[in-house]
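> Below: sequence and its predicted model.
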Amino acid sequence: MSIQHVALAGNIGAGKTSLTSMLTKHYGWDPLFEDANTNPYLSDFYNDMKRWAFNLQIYFLNSRYRQVLDIRKGDRTVVQDRTIYEDAYIFAPNLHEMGLMAERDFKNYIDLFHTMSSQVQGPDLLIYLKGSIPTLVDHIQARGRDYEGNMSLDYLKRLNQRYDHWIDGYNHGKLLIINIDEIDFINKQEDFGFIISKIEAEIGGLFSLL
């Protein structure tokens with residue numbers, strides 16, 4: 001048996017992109033990053049969430065759908081920065097609840113997600129980076145992205161609550177939860193080693209076959 005698809009999930013500032021890069025280097029996997037730098041809607045969204053929420057979510061949904069299709073077509077192990085499920089179960093419902101996505105747009109989005117998700121399978125292993133609001137804020141401030149400067153604490157809190165609810169009911173494959181409040185895998189090699197040991201314990205001996 002081989003592992004084809006490893007995915008990282010977590011709130012904004014959890015360290016998904018950093019860990020994706022580190023796992024790529026450690027295992028020789030192929031990375032699939034979230035399209036933050038070239039996303040044509042992201043900056044506009046943080047300046048005017050209500051105007052651009054639907055556009056942004058459709059863009060992410062399409063991007064991640066294509067990523068999953070490509071992963072399963074290939075013969076390499078891929079590590080993906082954020083999953084298609086997070087858009088549908090966390091970000092879009094949160095925007096709708098906050099009054100930032102209209103009812104008809106939300107229903108249209110969810111219908112499209114169900115159509116797409118019925119054609120793909122979940123990752124072989126999902127790694128959830130779980131963090132408190134203070135930890136997430138520290139990470140966000142440290143990376144200094146201009147478009148994230150307008151993000152509110154309430155927005156992050158709402159997302160965290162939805163992440164916890166989603167993870168509690170996650171049933172698409174193997175799940176590994178890493179508490180990022182307790183470790184610093186970016187700056188401490190021993191903490192990164194701890195994550196590696198957890199990954200290999202979860203999967204068993206499968207990675208040694210890659």
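Here it is on my side, so go on.

> CA only for contacts and neighbour counts going forward, please
Will do.

> Please point out which parts of the host helix or strand of Asp154 sit buried.
Assessed by DSSP states H and E, Asp154 sits inside helix 153-168. Neighbour counts using 16 or more other C-alpha atoms under 10 Å place 156, 158-160, 162-163 of helix 153-168 among the buried residues.

> just the residues you listed now: which is nearest Arg82?
The closest of those to Arg82 turns out to be Tyr163 (C-alpha to C-alpha; 12.1 Å).

> Tell me who's in contact with the closest one.
Listed by C-alpha atoms under 8 Å, 6 or more residues apart in numbering, the contact set of Tyr163 reads 10-11, 86, 90.

> what pLDDT, on average, does stretch 178-197 get?
Here stretch 178-197 scores 96 as its mean pLDDT.

> my bad, should have said stretch 104-115
Mean predicted lDDT for stretch 104-115 stands at 97.

> quick one: it to chain centroid distance?
20 Å (C-alpha atoms, centre = their mean, to the nearest Å).

> Give me the contacts around it.
Contacts of stretch 104-115 (C-alpha under 8 Å, 6+ apart): 54, 57-58, 61, 88, 92-93, 96.

> So which elements touch the helix or strand where Thr20 lies?
Per DSSP H and E: Thr20 is located in helix 16-27. Counting contacts by 3 or more C-alpha pairs under 8 Å, 6 or more residues apart in numbering; DSSP states H and E, helix 16-27 is packed against strand 5-10, strand 30-32, strand 78-81.

> Name the next helix or strand downstream of the shortest one, please.
Read in the C-terminal direction, the helix or strand following strand 30-32 is helix 42-47, with elements assigned using DSSP H and E.

> and that following helix, which residues are buried?
42-43, 45-46.

> Name the member of those with the shortest distance to Val79.
Leu42 (22.5 Å).

> so where's the chain shaky on pLDDT?
1, 35-37, 144-150, 205-210 (pLDDT under 70).

> center of it, which residue is that?
In the chain, the centroid-proximal residue (C-alpha atoms, centre = their mean) is Arg82; its distance is 2.3 Å.

> hang on, that one packs against Leu19?
No - in this structure, Arg82 is not within contact of Leu19 by C-alpha atoms under 8 Å, at 11.3 Å.

> Can you name every helix or strand that the helix or strand encompassing Ala201 contacts?
Using DSSP H and E, Ala201 falls within helix 189-203. Under the contact definition 3+ C-alpha pairs under 8 Å, 6+ apart, helix 189-203 sits against strand 174-179.

> how distant is whatever helix or strand Leu112 lives in from the center of its chain?
Element membership for Leu112, per DSSP H and E: helix 103-117. With C-alpha atoms, centre = their mean as the basis, helix 103-117 stands 19 Å off its chain's centre.

> Lovely, talk soon.
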